[in-house]
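Colleague: A predicted structure for the sequence below; I have some questions about it.
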Amino acid sequence: MYERKIIPNLNCGLDLIGEVLYGKWKIRLLWFIDQGHQRPSELQRKIPDATRRVLNIQLKELEDHELITKKIYPVVPPKVEYSLTELGKSVIPIILQLGIWGDQNETHLRTVILKRLNAESEMLRVEE
């Protein structure tokens, strides 16, 4: 199990947001749960690049931070559904605005990201 080596800095709102939303898939998980995709298998289909293990870890962290709740139905096989808490619902408009910003700057962002990735892959080739 992962053990944190550095105590997080929680001195301002940005530090707190980073602690709660840091994770490659957390923002997408919140978005998809808000869109009605509540079962783990649905979320896995919406984010096929993520492993089931990583999704489960990040769902657990979102649950621990009280952004989502998990309901387990007493059936065989067990049925699990996630839903947003009021706190989780309050972050959705912010995620929407981030998505709009990303769409408005898509060309520039794609260019700089690909430029960096190409530079990193070139450095790896030189090291070989």
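Modeller: Yep, it's here.
Colleague: for the helix or strand harbouring L124, give the mean pLDDT please.
Modeller: Using DSSP states H and E, L124 maps to helix 106-127. The pLDDT scores in helix 106-127 average 87.
Colleague: next: stretch 6-24.
Modeller: 86.
Colleague: which parts of that stretch are buried?
Modeller: Across stretch 6-24, burial judged by 16 or more other C-beta atoms under 10 Å covers V20, L21. For the C-beta atoms, the positions are set from N, CA and C on the backbone; glycine is no exception.
Colleague: who touches that stretch?
Modeller: Residues outside stretch 6-24 that contact it (C-beta atoms under 8 Å, 6 or more residues apart in numbering): I27, A50, V54, Q58, E61, H65, L67, V91.
Colleague: please redo it, this time with the cut-off set to 6 Å
Modeller: For stretch 6-24, contacts defined as C-beta atoms under 6 Å, 6 or more residues apart in numbering pick out Q58, H65.
Colleague: now do the end-to-end distance for it.
Modeller: 19 Å (C-alpha to C-alpha, to the nearest Å).
Colleague: what of stretch 73-82?
Modeller: 11 Å.
Colleague: quick one: distance of that stretch to the chain centre.
Modeller: Relative to its parent chain, stretch 73-82 has a centroid offset of 23 Å by C-alpha atoms, centre = their mean, to the nearest Å.
Colleague: cool, stretch 117-128 as well?
Modeller: How far stretch 117-128 lies from its chain's middle: 28 Å, per C-alpha atoms, centre = their mean.
Colleague: stretch 28-45 now?
Modeller: Distance of stretch 28-45 from its chain centroid, counting by C-alpha atoms, centre = their mean, is 11 Å.
Colleague: any residues touching that stretch, and which ones?
Modeller: For stretch 28-45, contacts defined as C-beta under 6 Å, 6+ apart pick out K46, I47, R52, V80, E81, Y82, L84, I92, I95.
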